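Colleague: structure of the sequence below:
(one chain, ligands or ions: 1)
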Amino acid sequence: MKYYPRAEKFVIDSFTKAGRIGGLPHLERTVHWLRVLKPDADEAILIAAIAHDIERAFRNPEYEERFKSSKEGFLDSGHMKYHQGEGARIIADFLKTQGADSALVERVKVLVSKHEEGGSDDQNVLKDADSISYFEVNAGKFVKLHLQKVGREKIRKKFDWMFSRITSEKARGIAGPWYEAAVKSLEK
Ligand SMILES: [Fe+2]
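Modeller: Residues are numbered from 1 along each chain as shown. Below you'll find the model as predicted:
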């Protein structure tokens, strides 16, 4: 594993520089859950897991306000496309600067480019690990951060989407109690 530690450092440095270190635990836990769901995970999928949200570290604040005010809220399709595509491009460009071979670069790119929607078995495992880590680490913060401004309905939609997109029964079982707690926290 020559490139995973470099990718991890790039992610940590990028989020730190952007003043978004709060985003790092979710990424570390995505790697953890990925290993649980796929014990034989290869370097490419581990890099994709640690870097899948790298776009956030390069996002401009105006962009953020624009998608939050869109009708579809957090599930805006343009935002999803941008988030996945930009993330894939950024981590692929980084790996190229490190001299990674094109097969590794391409596999990481393909994985990150569909980490929200899934598709292939590996894209689905990444998406499932992302959902588990989201409910474990981010959902509570998300409520605190957005409830006042965007309201229950849009947050509930995001939670339902993040849970219902899970492919594997195992991942659904792990995420279930956290999902239920997150939904409950909205009812208070
Ligand atoms: Fe994520």
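
Colleague: what helix or strand is Lys154 located in?
Modeller: Using DSSP states H and E, Lys154 sits within helix 152-164.

Colleague: other SSEs contacting whichever helix in the chain runs longest?
Modeller: Longest helix of the chain, by residue count under DSSP state H: helix 77-97. Other helices and strands packing on helix 77-97, by 3 or more CB pairs under 8 Å, 6 or more residues apart in numbering; DSSP states H and E, are helix 4-17, helix 43-51, helix 61-68, helix 102-112. Bear in mind the C-beta positions are built from the backbone N, C-alpha and C, glycine included.

Colleague: for Glu55, what are its contacts?
Modeller: Going by CB atoms under 8 Å, 6 or more residues apart in numbering, Glu55 touches 82-84, 86-87, 90.

Colleague: would JSON lines of the residues you listed with distance to Ile45 be doable?
Modeller: Formatted as JSON lines, those follow (distance: CB to CB, whole Å):
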{"residue": "Tyr82", "distance to Ile45": "22"}
{"residue": "His83", "distance to Ile45": "19"}
{"residue": "Gln84", "distance to Ile45": "15"}
{"residue": "Glu86", "distance to Ile45": "20"}
{"residue": "Gly87", "distance to Ile45": "15"}
{"residue": "Ile90", "distance to Ile45": "17"}
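
Colleague: show me what the lowest-mean-pLDDT helix or strand in the chain is packed against.
Modeller: The helix or strand of the chain with the poorest confidence is helix 61-68; it has a mean of 74 (mean pLDDT, DSSP states H and E). Here helix 61-68 touches helix 77-97, going by 3+ CB pairs under 8 Å, 6+ apart.

Colleague: would you put the C-alpha positions of the helix it packs on in PDB?
Modeller: The C-alpha atoms that make up helix 77-97 are tabulated as PDB, following Å, rounded to 0.1, in the frame of the first residue of the first chain:
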ATOM      1  CA  SER A  77     -29.100  16.300  -8.700                       C
ATOM      2  CA  GLY A  78     -26.800  19.000 -10.100                       C
ATOM      3  CA  HIS A  79     -25.000  19.100  -6.700                       C
ATOM      4  CA  MET A  80     -24.700  15.300  -6.600                       C
ATOM      5  CA  LYS A  81     -23.100  15.200 -10.000                       C
ATOM      6  CA  TYR A  82     -20.700  18.000  -9.200                       C
ATOM      7  CA  HIS A  83     -19.800  16.500  -5.800                       C
ATOM      8  CA  GLN A  84     -19.000  13.100  -7.300                       C
ATOM      9  CA  GLY A  85     -17.400  14.300 -10.500                       C
ATOM     10  CA  GLU A  86     -15.100  16.900  -8.900                       C
ATOM     11  CA  GLY A  87     -14.100  14.600  -6.100                       C
ATOM     12  CA  ALA A  88     -13.100  11.900  -8.600                       C
ATOM     13  CA  ARG A  89     -11.100  14.500 -10.700                       C
ATOM     14  CA  ILE A  90      -9.300  15.900  -7.700                       C
ATOM     15  CA  ILE A  91      -8.100  12.600  -6.200                       C
ATOM     16  CA  ALA A  92      -7.200  11.200  -9.600                       C
ATOM     17  CA  ASP A  93      -5.100  14.300 -10.400                       C
ATOM     18  CA  PHE A  94      -3.400  13.900  -7.000                       C
ATOM     19  CA  LEU A  95      -2.600  10.200  -7.600                       C
ATOM     20  CA  LYS A  96      -1.200  11.100 -11.000                       C
ATOM     21  CA  THR A  97       1.200  13.700  -9.400                       C
END
